[in-house]
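**Q** Next input, structure requested:
(one chain, ligands or ions: 1)
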Amino acid sequence: MSILKKLTPDLYLESVYELDVEKLKKNGIDTIITDLDNTLVGWNEPSPNSKLMKWFKNLIDQGFKVVIVSNNGENRVASFAKEAGLPFISKANKPRRSPFSRAIELMESKKNSSAVIGDQIFTDVLGGNRSGLFTILVIPINEKEFIGTKIVRQAEKMVLRSLKNRGYIKGEI
Ligand SMILES: [Mg+2]
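**A** Numbers count the residues shown, from 1 in each chain. Presented below is the predicted three-dimensional model:
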């Protein structure tokens, strides 16, 4: 697989709330492996808000399994996941493949029925694609980030532009 392909999400959405649950189901997806910071809430928000709790509840009511996989530390991820009532993997080391396979094992799911959602091409999308999973990129919730992440964002913007120009990114599954 070319590096550009590995950096290309299968789906690119404004936010998690745009996710078409019916479409995912039709495509055989029953497990959502979601990033936390800037995907579900801003990186500095300690708790899930009520809109997000409703989104989780709807997913679970529709029969989805949901797991949080974050590169952030144990304290942050565990307390958020506990409030959300969801299982989690912290200090995940995305884009390595191991956190994704651990998440699939934890949820007793399968590769071909799992989707990854995240706001970063170089961790969430790259890791998900390397693992052979369906990948969904969302626009980061806020941009108040560490300088290292800001530099990565610039690189991501370049990659996204390049992918769009090549016609890789589509709005549909
Ligand atoms: Mg993130």
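**Q** Please name every helix or strand in contact with the helix or strand hosting residue 158.
**A** Residue 158 is part of helix 147-165, with elements assigned from DSSP states H and E. Identification of packing neighbours for helix 147-165 by 3 or more C-beta pairs under 8 Å, 6 or more residues apart in numbering; DSSP states H and E yields helix 3-6. From N, CA and C alone the C-beta is placed, and that goes for glycine too.
**Q** Following element in sequence after the helix it packs on, please.
**A** Scanning forward in sequence from helix 3-6 by DSSP H and E, the next helix or strand is strand 11-13.
**Q** Does anything pack onto that next one? Which helices or strands?
**A** Taking 3+ C-beta pairs under 8 Å, 6+ apart as the contact definition, the neighbouring helices and strands of strand 11-13 are strand 134-138.
**Q** In its sheet, which strands sit next to the strand it packs on, and in what direction?
**A** When sheet partners are counted by DSSP bridges, strand 134-138 sits next to strand 11-13 (parallel), strand 114-118 (parallel).
**Q** Could I get the full set of helices for this structure?
**A** In chain order, the chain shows helices spanning 3-6, 21-26, 50-61, 74-84, 98-106, 126-130, 147-165, with DSSP state H as the criterion.
**Q** quick one, which of those is nearest to the ion?
**A** With distances scored as C-beta to the ion, the stretch of the helices of the chain nearest to the ion is helix 147-165 (8.6 Å).
**Q** tell me the contacts of the residue positioned nearest the centre of the chain?
**A** Geometric centre of the chain, nearest residue: residue 117, 2.1 Å, by C-alpha atoms, centre = their mean. For residue 117, the contacting residues are 16, 19, 32, 33, 34, 35, 39, 124, 136, 138, taking C-beta atoms under 8 Å, 6 or more residues apart in numbering as the criterion.
**Q** what sits against residue 104?
**A** The neighbours of residue 104, taking C-beta under 8 Å, 6+ apart as the test, are 31, 33, 110, 111, 114.
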